[in-house]
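Enquirer: After the sequence you'll find the predicted model.
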Amino acid sequence: MTCGVALAQEPSPTPQPSPQPEAMICVYRNFYHVTFGKEAPDIIVNGERLAVLDEGRYFVAHVPSGFTIVADGKKKDNRVELDTRPGETYYFRARAHPGKMFARFELFRVTKEEAKQDADKLHYVKPGDIKSTRVIKDAPFP
């Protein structure tokens, strides 16, 4: 006499899509011009507000690879469009130009070498200025 026991097979797990590889950006604002009051641009990537960038500050964030738009929140025409690649780091400098009532900010893509020259006096953004989980907290300047 044979006793057969049917073993319940567990369903094989559904494969999860692998996350899309990401690129990194480093955005900074050096002490180029003094602005009066607390004027600081919002840095927006693909429509998502990442951080508020005070003078002498920087931040590092993960961004999706592919077509990416980096902009400051003050003017819609002040933006940089690029095609990011997984694992690469891109550098941006925000510069203020004092105006009659408000400063005008410009955003530039810069090389790693240019960014490294400016990095010695920069500090990481304050925790209260981080507006997205894409921003890496207390990241060293890459």
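Expert: Received it, and whenever you're ready, just let me know what you need. Residues are numbered from 1 along each chain as shown.

Enquirer: strand partners of the lowest-mean-pLDDT helix or strand in the chain, parallel vs antiparallel please.
Expert: When each helix and strand of the chain is scored by mean pLDDT, DSSP states H and E, strand 104-110 comes last, with a mean of 87. Partners of strand 104-110 in the sheet, by DSSP bridges, are strand 89-97 (antiparallel).

Enquirer: Show me which positions of the least confident helix or strand of the chain end up buried.
Expert: Buried residues in strand 104-110, counted by 16 or more other Cβ atoms under 10 Å: 104-105, 107, 110. The C-beta positions use only the backbone N, C-alpha and C, and glycine is treated the same way.

Enquirer: Which single one of these is nearest to residue 46?
Expert: For those, the residue nearest residue 46 by Cβ to Cβ is residue 107; the value is 14.4 Å.

Enquirer: got a list of what residue 63 touches?
Expert: Contact partners of residue 63, counting by Cβ atoms under 8 Å, 6 or more residues apart in numbering, are 22-25, 45-46, 84, 134.

Enquirer: Helix, strand, or coil at it?
Expert: Classification of residue 63 by DSSP: H, G, I helix; E, B strand; the rest coil places it in strand.

Enquirer: As a check, name the ranges of all strands in the chain.
Expert: Under the criterion DSSP state E, the chain contains strands at 22-29, 42-45, 48-52, 57-64, 66-72, 79-84, 89-97, 104-110, 123-124.

Enquirer: Quick check: closest non-adjacent residue to residue 134.
Expert: Among residues not flanking residue 134 along the chain, residue 61 sits closest, at 4.6 Å (Cβ to Cβ, 6 or more residues apart in numbering).

Enquirer: And residue 111, by the same measure?
Expert: The nearest residue in space to residue 111 (Cβ to Cβ, 6+ apart) is residue 91, at 6.9 Å.

Enquirer: my read: the one you found touches residue 113, true?
Expert: No - counting by Cβ atoms under 8 Å, residue 91 does not reach residue 113; the two are 9.3 Å apart.

Enquirer: how about TSV for the strands of the chain, with distance to residue 130 added?
Expert: Shown next, in TSV, are those (distance: least, Cβ to Cβ, whole Å):
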stretch	distance to residue 130
strand 22-29	12
strand 42-45	11
strand 48-52	5
strand 57-64	7
strand 66-72	16
strand 79-84	20
strand 89-97	16
strand 104-110	18
strand 123-124	9
